[in-house]
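Q: what follows is a predicted protein model with its sequence.
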Amino acid sequence: MSDGSIDLSRDARAQAYAEPLDTLNPAQPELFTEDAMWPYFERLRREDPVHFTADSAYGPFWSVTRYNDIMTVDTNHQVFSSADGITLVSLEAKAQSAGRPARPSFISMDPPKHDEQRKAVSPVVAPHNLQRMGPIIRERAGAILDSLPIGQEFDWVDLVSKELTAMTLATLFDFPFEQRRKLTHWSDVMTNAPGHGPVTSWEQKRDEIGECFDAFTGLWNERINAPAQFDLISMLAHAEATRDMDIHTFHGNVALLIIGGNDTTRNTISGSIYALNKNPAQYDKLRADPSLIPSMVSETIRWQTPLAHMARTATEDFELGGKMIKKGDRVAMWYVSGNRDDEVIANPNDYIIDRERPRQHLSFGFGVHRCVGNRLAELQLTIIWEEILKRFPTVQVVGEPLRTHSVFVKGYETLPVIIPTRN
Ligand code: HEM
């Protein structure tokens, strides 16, 4: 096909290899919805690991697909800047936001400004606060699991993954607890395009995001006039590096923390249930030895890769893998592909919960932007699994998940499961 669109009626591998290499375009949300992107990345890693797509719904961009090349880009913020945004943005979305104020956040800043703002919020996920949060997360995880229907089909994403992560995020923000699912909803509104998730039109998306920012502006106004507290909004309102930021930057940071603290962990919780069901011998191994939970968690974060890519803009010409990336070019680091690079990770397509080096993966990124919430994500996943294993011999997937329609958030909208009745 010359226009780069995909025909999902054909076998994905045949299609990925039939396409002329120079028009091959992995940035197609349909491929991710169908879980059909794997052969595209496999071919790119083998035949053209630093690959240029001249024409796509996201404009022209480079794809970096091998583990070590991704590390090269991610750890060089001088050449690969985040200041023009950290995801591939569709030309349609760009047209919709033209003329509106940008909402920068610290993930889309370069040092030194990035470092100062990151420092303002990082205490909330520092070890001593995680220690404080552990028992709270455990109590909530237990209550969620105890409320699940037994012997009856339900959606794991809704009742467990979204619920636990919404609770944690509400605590981080000190957001009204009974309204916590608004956080999940706003996250879905921000990350979806019209026709997907809860988004029906660009106008509705804008209105709902506006409601979100109004709510957070209210919290800022309350907290800036109150003594400093240990929550993200109060921290931003009182820290020297962020207290004078303009409202658009505040909103940008709110969006970053809502999406960062929510989607990724949620999709890994769902991914763990799905992966263990697809690999029953691994599920047996876990049941037999719950001390494998931490390495299962890391393996799931690799296997799932909840954020498929991060993007950068080259600040100067740079040679990578024999290709010349030009100043101003957009570059996508496909973590989803690097995590399946068999030159670095043995049997990368297999889900192996007791791998030798389970934390060797790209899912949290590297360099100055490496995920600030990685330990909190691992903590939530570890606790929910400790509590699952205490209660249920199995959580059985009873149908295929509905996957997100995105080249960025790689996750699940629904995952039907049954917890069998005990005899
Ligand atoms: C499995 C769960 C998670 C995954 C896979 C994940 C992934 C990522 C990735 C790939 C980056 C960018 C790294 C880079 O550009 O090199 C990032 C940054 C970030 N993440 Fe996470 N994340 C997760 C959980 C969380 C949680 C729970 C929080 C909330 C506390 C969070 C907050 C952030 C923030 C604030 C940044 C920006 C850091 C910076 O720019 O310095 N993430 N995350």
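A: Structure's in. What do you need? Residues are numbered from 1 along each chain as shown.

Q: got the residues of the stretch 251-400 of the chain near the ligand?
A: Residues of the stretch 251-400 of the chain lying close to the ligand (C-beta under 6 Å from any ligand atom) are 256-257, 260-261, 264-265, 268, 301, 306-307, 310, 363-367, 369-373, 376-377. For glycine as for every other residue, the C-beta is placed from the backbone atoms N, C-alpha and C.

Q: try it again at 5 Å.
A: Contact residues (C-beta under 5 Å from any ligand atom) of the stretch 251-400 of the chain with the ligand: 260-261, 264-265, 268, 306-307, 310, 363-365, 369, 371-373, 376-377.

Q: just the ones of those in helices?
A: Taking DSSP state H as the definition of helices, these contribute 260, 264, 265, 268, 376, 377.

Q: in ChimeraX, select just the buried ones from those residues.
A: Of those, the buried ones go into a single ChimeraX selection, burial set by 16 or more other C-beta atoms under 10 Å:
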select :260,264,265,268,376,377
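
Q: for the residue lying closest to residue 373 once chain neighbours are set aside, list the residues it contacts.
A: Spatial nearest neighbour of residue 373, chain neighbours left out: residue 125 (5.2 Å); criterion: C-beta to C-beta, 6 or more residues apart in numbering. Taking C-beta atoms under 8 Å, 6 or more residues apart in numbering, we find residue 125 in contact with 372, 373, 375, 376.

Q: so how far is the ligand from residue 125?
A: Remark: distance between residue 125 and the ligand (C-beta to the nearest ligand atom, to the nearest Å) = 5 Å.

Q: start the count at 513 instead of 1 going forward.
A: Shifting the count to begin at 513 puts that one at residue 637.

Q: next, the contact list for the closest residue to the ligand within the stretch 563-712 of the chain, please.
A: The nearest approach of the stretch 563-712 of the chain to the ligand comes at residue 619, 3.6 Å away (C-beta to the nearest ligand atom). Residue 619 makes contact with 594, 598, 626, 768, 772, 881, according to C-beta under 8 Å, 6+ apart.

Q: tell me where the model's unsure across this protein.
A: Counting by pLDDT under 70, the ranges of the chain that qualify are 513-522, 935.

Q: which residue ranges of it form strands?
A: According to DSSP state E, the chain carries its strands in the segments 562-565, 573-576, 592-593, 666-667, 821-826, 830-832, 835-837, 842-846, 908-909, 914-915, 924-926, 928-930.

Q: quick one: closest of these to residue 681.
A: For the strands of the chain, proximity to residue 681 was assessed by C-beta to C-beta; strand 924-926 is nearest, at 18.0 Å.

Q: direction included, what does that closest one pair against?
A: Strand 924-926 pairs in its sheet with strand 914-915 (antiparallel), by DSSP bridges.

Q: give me the contact list for the strand it pairs with.
A: Residues contacting strand 914-915 (C-beta under 8 Å, 6+ apart): 544, 545, 546, 547, 922, 923, 924, 925, 926, 927.

Q: one more: stretch 789-801?
A: 787-788, 804-805, 808, 863-866, 897, 901, 905-909.

Q: among the residues you listed, which ones are buried?
A: For these, buried by 16+ other C-beta under 10 Å: 787, 788, 804, 805, 808, 863, 864, 865, 897, 906, 907, 909.

Q: I'd guessed residue 652 sits against residue 677; true?
A: No - using C-beta atoms under 8 Å, residue 652 is not in contact with residue 677; the gap is 10.5 Å.

Q: returning to what we had before: selection in ChimeraX covering whichever of the contacts of residue 637 are buried, please.
A: In ChimeraX, a selection of the buried entries from these looks like this (16+ other C-beta under 10 Å):
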select :884,885,888
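
Q: between residue 652 and residue 677, which is the more surrounded one?
A: More crowded of residue 652 and residue 677, by other C-beta atoms under 10 Å: residue 677, with 26 against 19.
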